[in-house]
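A.B. asks: Provided below for reference: sequence and predicted model.
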Amino acid sequence: QVQLVESGGGLVQAGGSLRLSCVASGRTFSRYAMGWFRQAPGKEREFVAGIGWSVGTTYGTDSVKGRFTISRDNAKNTVYLQMNSLKPEDTAVYYCAATYGSNSFDLYGMDYWGKGTLVTVSS
């Protein structure tokens, strides 16, 4: 069992930055691919960015490329999402998720989810 706890959300003006963190319990963090997803009000949850479990290959949806960066620190069991040049359309609850031994970030294939952290970007 893995527990994921997100932090770092908040209110920021358009153009600003935030860094989200997700701390995972357990001893095998390095074997999990980690992803960030988000869900805006009235919309479906969507993939934002992911980082693989082996060589740390990163993936990101087109809408955040060049603005968001995902990274991980296996020694701290933590994955980060650095968000720059934030836009009002980035407003959502951001969720951390983990999948064991796979670099697939399918919404329905993730093994564990955090409870989310709210990011609000004002215009």
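C.D. replies: Cool, got the structure. Residues are numbered from 1 along each chain as shown.
A.B. asks: Gly8 versus Thr120, what's the distance?
C.D. replies: Distance, Thr120 to Gly8, by C-beta to C-beta, to the nearest Å: 13 Å. (Each C-beta comes from the backbone N, C-alpha and C, glycine too.)
A.B. asks: helix or strand right after the lowest-mean-pLDDT helix or strand in the chain?
C.D. replies: Using mean pLDDT, DSSP states H and E, the weakest-scoring helix or strand in the chain turns out to be strand 58-60, at a mean of 85. Downstream of strand 58-60, the first helix or strand assigned by DSSP states H and E is strand 68-73.
A.B. asks: give me the contact list for that following strand.
C.D. replies: Contact with strand 68-73 is made by 34, 36, 48-51, 56, 58, 60, 78-84, as judged by C-beta atoms under 8 Å, 6 or more residues apart in numbering.
A.B. asks: note down every partner strand of that strand and its orientation.
C.D. replies: Strand 68-73 has the following strand partners under DSSP bridges: strand 78-83 (antiparallel).
A.B. asks: just the buried positions in the partner strand, please.
C.D. replies: 78-81, 83 (16 or more other C-beta atoms under 10 Å).
A.B. asks: from the residues you listed, which is closest to Tyr94?
C.D. replies: Minimum separation from Tyr94 among the buried residues of strand 78-83 (C-beta to C-beta) is found for Leu81, which lies at 7.1 Å.
A.B. asks: quick one: that closest one from Tyr112, how far?
C.D. replies: From Leu81 to Tyr112 the distance is 17 Å (C-beta to C-beta).
A.B. asks: same thing with Gly8?
C.D. replies: Going from Gly8 to Tyr112 by C-beta to C-beta gives 19 Å.
A.B. asks: for the most centrally placed residue in the chain, helix, strand, or coil?
C.D. replies: The geometric centre of the chain, computed from its C-alpha atoms, lies nearest to Trp36 (C-alpha atoms, centre = their mean), at 2.2 Å. At Trp36 the chain is in strand, as set by DSSP: H, G, I helix; E, B strand; the rest coil.
A.B. asks: brilliant, that's me finished.
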